[in-house]
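Asks: Next one to model:
(2 chains, ligands or ions: 1)
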Amino acid sequence: MKTRRISNVGWSVVVLLLAGAFIWMGCPEKPALVTGEAAQAVYVPPGSYDEFYAFLSGGFSGQVSVYGLPSGRLLKIIPVFAVNAENGYGFSEETKPMLNTSSGFLPWDDSHHTVLSQTNGEADGKWLFINANNTPRVARIDLATFETVEMIEIPNSAGNHASPFTTENSEYIVASTRFGVPIPQADVPISTYKQNFRGTISFIGVDPKNGKMNVAFQIVVPGYNYDLASAGKGPSHGWAFFTSYNTEEAHTLLEVRASRNDKDFIAAVNWKVAEQYLKEGKGKKMAAEYYNNYRDHATRITTSEKRTSVTVLDPNACPGLIYFLPTPKSPHGVDVDPTGEYIAAGGKLAAVIPVHSFSKMLKAIENKEFETTINGIPVLKYEATIAGEVQNPGLGPLHTEFDGKGYAYTSHFISSEVVKWKIGTWEVVDRIPTYYSLGHIMIPGGNTRKPWGKYVVAMNKITKDRYLPTGPELAHAAQLIDITGDRMRLLLDFPTVGEPHYAQAIPAEKIMDKSVQIYKLEENKHPRATKKAEQARVVREGNIVRIYMTAVRSHFTPDNIEGIRIGDKVYFHVTNIEQEWDIPHGFTVKGSQNAELLLMAGETGTLVWEPKKVGVFPFYCTDFCSALHQEMQGYIRVSPAGSTVPLSFSTGKGE
Amino acid sequence: MHTTSKLLVLVASLLFVALYFVPLWQITMLAPQYPEGIGLYIWINEISGMRPNNLESMNILNHYIGMKAIVPESIPELRIMPYIAGFFILSGLVVVLRKKRSLLTAWLILLVVTGSVGLVDYYLWGYDYGHNLDPNAAIKIPGMAYQPPLIGTKQILNFRATSLPHLGGYLYLASILLAAVAWYLDVKRDTRANSQQPASAIG
Ligand SMILES: [Cu+2]
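Replies: Alright, predicted model coming up:
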């Protein structure tokens, strides 16, 4: 009896304590109020268009997903660094070379940052660039076709994370090494990190006419982990800024050993000075193996070209090329504001958001206010470059974007919130939670000189209880926040493809009218195109059989093929001879080891098939093209090796 | 013939010059899958798509119902019509220079007759395309014909087909009207002159 009463008392105390805890914390924080007004703000009626295109990187998916804003409707997934069986990207003969590297054909990579090409510091809607982190590359997507058209590998690099940020006129796309490595690669003990490991900062030139990329030059830098980058604007045009962590140069247990220093560095690179040094012949040619892959618009064929050397600059021989700006606690993001004067850093373990001043930096350089010099790189004094610190913004500040109205927005991973602060006074003016653990945020044009400061999109890594559960693996998410008022307002929350690491957005009218609708047959320069059904044919060249086939609603020509033998390598060169928008045809054959082809109007694609079994195998259209799509099919007969069945082909013969 | 009438005939014949530059007729079709419409322009010397590749797309669609492909090169009228237009320009100028009403009368009648023959011919082509279908067509609907309307709008399966003159057709009509007005004015003036003559004789 007595013990029971005590235990009852005990329970009461626990309950009281718990209630007290809730009262003390305020109510358990369940989703901020989302009202009917918010629904209206993101409602795009059926048949109407969104205001913005948003390009979200796929992180570990390796692809880019295109959303409409404000509706959050998924418009397209653009395959970039991962094969895409769905449309034959990385499987067709025309696209396989796009994924060729110095390590051979790679079916996957992780990609983090999308960046739109710029003219005069504004997004121009021509191209979208995106990095491959694992095997360092930068890809270029043509925004007329929404297709990956070029890829360049970056030599002397590992972990291309701080990429592909752009200069004001896309003179350069930058890249750097997140992982220090021996440069050139060498068989050395890992423990010799400090002696043998280095980093590189790379500048990729972009041809303003056709977008073609080349590795213009690399700067060899100490083996820190270069994490993110941002190019100067306006007055700071000509400079690019890179954060680094692990200035401790640890090679093991980095979570502890790379977090020891109070400050790491932002590397400020003057690429105009670099151009000067290159002109003076200070660049050293260094042997390197890397690939540049390019897809031609007229042939739709990708060619992979090997490059064998790269130009390298050494800071020791190039004074004025690069400076280090001490920045608190393993900074992650670095973002230059629209005026080009302020450089905000996200010290992920810091209690402040430090903001450097570009003009103060120039003055400090002029006055040689150096703490020390590392490998020919002067380290500026923190007090000499700092413009201000945003105090107690939140926990784990990462990335900052700007609205063009004097405010900055910084994502906070640990406290899971977007914090709005005022440039100049460095005061926090508003904050809003996100669900949960956001990385980057994006304001349309928020990384340019001209932000369209209407929304901020927060990209979250964890979604836990936000959607219906789907087993252990849950979708990542994006949240659309209205920033037009004094207070930020959550409007919409939608699941994403892969990890939406970073994004870009641009008003729809900058892109939509340029969208290609068909590939014109008369401009189709594919050497194995068949532009008329009458020209369809099958040709044997030894054990290679080439089938020149046409596809049109709703039949293939030819659709009966005989005389194939085991041991043959069969090339289906299929041309979609339609000339109408949104009439693709698909093609595959039973036992295809190469996914399928998905061909847009006027396009030629090639599927290789090596039959392993005797028999008759159907092939068919895989994209529901027409009312008689199910009838769009044919047969190919495979005879034993050495068979005398003559090669023949036809459509509509017999009966 | 009087100056006003001559001027009107001159304009009427010169209107035919425009027919070399604008279509005579248009057929447009709307369907759920073609919200933007798909259409053909009929010119004096060719048939073209309203938008690039519309003719090819129309032929691809029509093959399902067994309609013959529209191949402009195989339509003789398209080779003849430019000469007819040329004839009306030259003969119109002759009418203006010769100033004879009888010639104007003949020219007007020829205009009307040619226009009517043209419409009948267009109807017959439409009938042929719409009725003489491949018996092995994929889509066969008993009793269904696919003839486009001569003028106006008609629902044909999922398509709403509209056939209307284009600018050239209206110019042709304008030419007839101008010639008719010229003829009428000429006749009216002469009758007035005739009725005034006796009066002056009396006076
Ligand atoms: Cu098809």
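
Asks: can I assume residue A:450 is in contact with residue A:122?
Replies: Yes - when contacts are counted by CB atoms under 8 Å, residue A:450 is listed as touching residue A:122 (4.6 Å). Just so you know, the C-beta spots here come from the backbone N, C-alpha and C atoms, and that holds for glycine as well.

Asks: For my notes, confirm residue B:140 occurs in a strand.
Replies: No - counting by DSSP: H, G, I helix; E, B strand; the rest coil, residue B:140 is located in no strand; its state is coil.

Asks: What residues does it make contact with?
Replies: Contact criterion CB atoms under 8 Å, 6 or more residues apart in numbering or on different chains gives B:65-66, B:133 as the residues in contact with residue B:140.

Asks: how about these in JSON lines, adding pLDDT?
Replies: Formatted as JSON lines, these follow (pLDDT from 0 to 100):
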{"residue": "B:65", "pLDDT": "93"}
{"residue": "B:66", "pLDDT": "93"}
{"residue": "B:133", "pLDDT": "94"}
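
Asks: Now the buried members of those residues.
Replies: Neighbour counting with 16 or more other CB atoms under 10 Å in any protein chain shown marks B:65-66, B:133 as buried within the contacts of residue B:140.

Asks: does residue B:17 count as helix, strand or coil?
Replies: For residue B:17, the reduced secondary structure class is helix; criterion used: three-state DSSP.

Asks: In chain B, which residue sits nearest the ion?
Replies: With CB to the ion as the measure, the residue in chain B that lies nearest the ion is residue B:60; the distance is 11.4 Å.

Asks: Can you name the residue of chain B nearest to chain A?
Replies: When distances are taken as CB to the nearest CB, chain B approaches chain A most closely through residue B:53, which lies 3.7 Å from it.

Asks: hang on, isn't that residue packed against residue A:579?
Replies: Yes - in this structure, residue B:53 is within contact of residue A:579 by CB under 8 Å, at 3.7 Å.

Asks: helices and strands around the lowest-mean-pLDDT helix or strand in chain B, which ones?
Replies: The helix or strand of chain B with the poorest confidence is helix B:167-202; it has a mean of 84 (mean pLDDT, DSSP states H and E). For helix B:167-202, the packing partners by 3 or more CB pairs under 8 Å, 6 or more residues apart in numbering or on different chains; DSSP states H and E come out as helix B:3-18, helix B:101-131.

Asks: Give me the buried positions along the shortest one.
Replies: By 16+ other CB under 10 Å, the buried positions in helix B:3-18 come out as B:5-6, B:8-13, B:15-16.

Asks: Now tell me what touches that helix from outside.
Replies: Contacts of helix B:3-18 from elsewhere in the structure, counted by CB under 8 Å, 6+ apart, are B:1, B:85-86, B:88-93, B:95-96, B:99, B:104, B:107, B:167-168, B:171-172, B:174-176, B:178-179, B:181-183, B:185-186.

Asks: residue contacts, the nearest residue to residue A:316 once chain neighbours are set aside?
Replies: In space, and not counting its chain neighbours, residue A:316 is closest to residue A:376: 3.5 Å by CB to CB, 6 or more residues apart in numbering or on different chains. When contacts are counted by CB under 8 Å, 6+ apart, residue A:376 is found next to A:314-319.

Asks: how far away is residue A:557 from residue A:580?
Replies: In this structure, residue A:557 and residue A:580 are separated by 18 Å, where distance is defined by CB to CB, to the nearest Å.

Asks: Same check on residue B:61?
Replies: Residue B:61 sits 10 Å away from residue A:580 when distances are taken as CB to CB.

Asks: What are the boundaries of the helices in the stretch 201-350 of chain A?
Replies: Assigned by DSSP state H, counting those that start in this stretch, the stretch 201-350 of chain A shows helices spanning A:254-257, A:271-279.

Asks: tell me, which of these is the model least confident about?
Replies: Here the helices of the stretch 201-350 of chain A differ in mean pLDDT, and the lowest is helix A:254-257 at a mean of 87.

Asks: mind exporting that one as CSV, just the C-alpha atoms?
Replies: As requested, C-alpha coordinates have been extracted for helix A:254-257 and formatted as CSV (Å, rounded to 0.1, in the frame of the first residue of the first chain):
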residue,chain,number,x,y,z
LEU,A,254,39.3,14.7,-39.7
GLU,A,255,36.1,15.3,-37.7
VAL,A,256,38.4,16.0,-34.7
ARG,A,257,41.8,16.8,-36.2
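
Asks: Can you give the distance from it to the centre of its chain?
Replies: The offset between the C-alpha centroid of helix A:254-257 and the centroid of the whole chain comes to 27 Å, using CA atoms, centre = their mean, to the nearest Å.

Asks: for stretch A:430-447, same thing?
Replies: Here the centre of mass of C-alpha atoms in stretch A:430-447, compared against the chain's by CA atoms, centre = their mean, lies 17 Å away.

Asks: With stretch A:417-426 instead?
Replies: Computed by CA atoms, centre = their mean, the separation of stretch A:417-426 from the middle of its chain amounts to 27 Å.

Asks: Can you get me the start-to-end distance on it?
Replies: Using CA to CA, to the nearest Å, one end of stretch A:417-426 lies 17 Å from the other.

Asks: Can you tell me what sits against it?
Replies: If you take CB under 8 Å, 6+ apart as the criterion, stretch A:417-426 is touched by A:337, A:342, A:353, A:355, A:388-391, A:393-394, A:397, A:402, A:406-412, A:427-434, A:438, A:441, A:456, A:458, A:481, A:483, A:488.

Asks: What about the ion: which of the buried residues of helix B:3-18 touch it?
Replies: Among the buried residues of helix B:3-18, no residue sits close to the ion (CB under 5 Å from the ion).
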